[in-house]
Structures are given as structure tokens and as C-alpha cells.
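Peer 1: Pasting the sequence and the predicted coordinates here, then a few questions.
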Amino acid sequence: MARYARVTPADGVLQWAVERHGELWGLGAEVPAGAHDTAWQELVASGPGAAMLSRATLLDPARLRWETPVARPGKVICLGLNYAAHAAEGGNAAPDYPSFFLRGATSLIAHEAPLVRPRVSDKLDFEAELAVVIGRRARHLTSSQALDAVAGYACFNDGTLRDYQRRTAQWTIGKNFDGTGAFGPWLVAASALPPGASGLRIESRLNGGLMQSERTDHMLVTVAQALVLLSEALTLEPGDVVAMGTPSGVGYARNPPVWMKPGDRIEIEIEGVGLLSNPVAAEAAPE
């Protein structure tokens, strides 16, 4: 199974890379990942051709900067309360309709980039999530065709400032602090995973300690169902991201609560998708 990542090696050339037999191979100048380009979708769906592989260069993962799998998603749509046990640990009933909310691109960071605890709050929580990357323009999807709109899957950490989340009935402010939404490093083709990425183990670990552990087939709303509901209202476009909600075990529900703090390391791992790891750092002082 091939996994793809956007990386910037030491020479500064942003490019797609593919993992083959445990090694990372750079594919040269970046395959475009904009909303109106198709080359990256073809790469993920079909794999690099012989000509592209003949020009590939072996990369050292320790000597590059990881980028998010999509440069600037047009939309990042998140589901809340999509695992029954997570809803229950927060004193919530499982919703009859998904709790959808949006994230802005400025909140996103890549693998190994610092997850930022802001100056105004110390209640930074972790949320392990499956990210769905849309591969084609779609509206009014049916359940039988919904998964055809998926290019691939990635790991996501929906880092949340819980005090700000609870200042209003809308969750947006607590979910959109700069540098709190980790995404990547790998984009795995939909064809390489079970339909809807169902049945995969999803976990979070804080400083090596297991915090969340669940299987994606326990989501209340499946990937296909989420895409059907979303496409009733809006047009899904290539590069859009749908984050599918988090299992139980988050920090605020623990006694005492567990918050991420500077110096910590948070890892999100999804079976067959990969490992997303980020150090936690304090927000820099204003210049």
C-alpha cells in the first residue's frame, strides 16, 4: 500500500513523496493540489507512473519539513459527537443530526509542527479523528455513490480550547485557534482501505500514554452518510476535508481533566493510515 505526503526537503522544493518499502521517495516538483487541479487526485488514485518513479529521489525524513496533505483546503468540515461513548462522557445524548462545524485553514498545522497552546487559555484538549479528503466536485450524493467522491484518508487532531468552546452555543471559536488542528502526514488512497475507512483502530497518545482507543466502525454517522448529508446543502470540492469526530477519552472528561501543555507530545494513530505526531508549544510572545 502506497502512502503519499507533501514535503519540503532541505533543497526547498515542495513536492509530493511516496512511501515505498519503508523508504520515502520524492517525486520532484509539486503535483498541484488546488481545487481546480486533478493531477494530485490521479496520483493518489492510480499511483506514480514508471516515468515519475524513474526520476524519484530518496529522501531523509529527518531532513525535511512535512506539509499538510492539502495545502489550503477550501472547506474543513467537522463532525461533533460522532461516537456514542464520547457524547456520553460529556453528558450529551447522541444527536439525531450531526453537529457540523467549520475550521479555517489558518488553524491547520502539519506533522511535527508545534501544536500551539495560546496565551489566553491553558485548556487545550486533544481529539483523534479520521480525515476524509474529497477528490471530486459533488452535490446531492446518494448513499451508493458517496464514497466515489473520496480521494483518500488522513489523520487529524481537532485540538480544542474547551473554555472558549463553551463560551457560546456555537463551537467555532474554540475550534479555530491558530496552530491547533494537526493534519497528516500521509494521504492514503481510498482504494487501499476498507470502504469508508471502516473498522480501523484509532488512538491518541499523550507523552506515550494511551488516551483514546476505538474503532471507526463505531462512528454514529459513517463517511458515506456524512457526505450525503453535507452534499444536500453544499458543493463538495476537490481538496475539501471532512473530519469525522473523536472517540471517548478526551482530556476534559477525565478526573482530573488532562490538558496539553508546552513540552508535551501528542500522537494520533489510525490503523492503515499512519501516525501524526506533534510537540506542544506555548504561543510566542508578540513582537
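Peer 2: Here it is on my side, so go on.
Peer 1: before we move on, what SS does residue 226 have?
Peer 2: helix (DSSP: H, G, I helix; E, B strand; the rest coil).
Peer 1: Now for it, how many residues are close by?
Peer 2: Per other Cβ atoms under 10 Å, the neighbour tally for residue 226 reads 23. Glycine gets a C-beta too; all of them are placed from N, C-alpha and C.
Peer 1: distance of it from residue 92?
Peer 2: 18 Å (Cβ to Cβ, to the nearest Å).
Peer 1: what's the answer for residue 8, then?
Peer 2: 41 Å.
Peer 1: any low-confidence regions in the stretch 151-287 of the chain?
Peer 2: By pLDDT under 70, the stretch 151-287 of the chain has no low-scoring segment.
Peer 1: Tell me where it has strands.
Peer 2: 160-161, 181-189, 201-206, 209-215, 241-243, 265-270, 274-282 (DSSP state E, counting those that start in this stretch).
Peer 1: do the stretch 1-150 of the chain as well
Peer 2: 3-9, 15-20, 23-26, 57-59, 64-66, 76-80, 99-103, 108-109, 115-117, 124-125, 128-134, 150-158.
Peer 1: I'd like those laid out as JSON lines, including distance to residue 143 and mean neighbour count.
Peer 2: Conversion of those to JSON lines gives the following (distance: least, Cβ to Cβ, whole Å; neighbours: other Cβ atoms under 10 Å):
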{"stretch": "strand 3-9", "distance to residue 143": "28", "mean neighbour count": "22"}
{"stretch": "strand 15-20", "distance to residue 143": "32", "mean neighbour count": "22"}
{"stretch": "strand 23-26", "distance to residue 143": "37", "mean neighbour count": "18"}
{"stretch": "strand 57-59", "distance to residue 143": "40", "mean neighbour count": "15"}
{"stretch": "strand 64-66", "distance to residue 143": "35", "mean neighbour count": "18"}
{"stretch": "strand 76-80", "distance to residue 143": "17", "mean neighbour count": "24"}
{"stretch": "strand 99-103", "distance to residue 143": "18", "mean neighbour count": "17"}
{"stretch": "strand 108-109", "distance to residue 143": "29", "mean neighbour count": "23"}
{"stretch": "strand 115-117", "distance to residue 143": "36", "mean neighbour count": "23"}
{"stretch": "strand 124-125", "distance to residue 143": "33", "mean neighbour count": "24"}
{"stretch": "strand 128-134", "distance to residue 143": "15", "mean neighbour count": "28"}
{"stretch": "strand 150-158", "distance to residue 143": "13", "mean neighbour count": "27"}
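Peer 1: Let me have those strands in a markdown table, extended by distance to residue 253.
Peer 2: Listed next are the strands of the stretch 1-150 of the chain as a markdown table, based on distance: least, Cβ to Cβ, whole Å:
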| stretch | distance to residue 253 |
| --- | --- |
| strand 3-9 | 32 |
| strand 15-20 | 35 |
| strand 23-26 | 37 |
| strand 57-59 | 40 |
| strand 64-66 | 30 |
| strand 76-80 | 14 |
| strand 99-103 | 16 |
| strand 108-109 | 24 |
| strand 115-117 | 19 |
| strand 124-125 | 9 |
| strand 128-134 | 14 |
| strand 150-158 | 15 |
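Peer 1: of all those strands, which lies closest to residue 204?
Peer 2: strand 128-134 (3.9 Å; Cβ to Cβ).
Peer 1: elements contacting the closest one?
Peer 2: strand 150-158, strand 201-206, helix 223-233, strand 241-243, strand 265-270 (3 or more Cβ pairs under 8 Å, 6 or more residues apart in numbering; DSSP states H and E).
Peer 1: Pick the most buried one from those.
Peer 2: Burial of the helices and strands packed on strand 128-134 is given as mean neighbour count (mean count of other Cβ atoms under 10 Å); strand 150-158 ranks first at a mean of 27.
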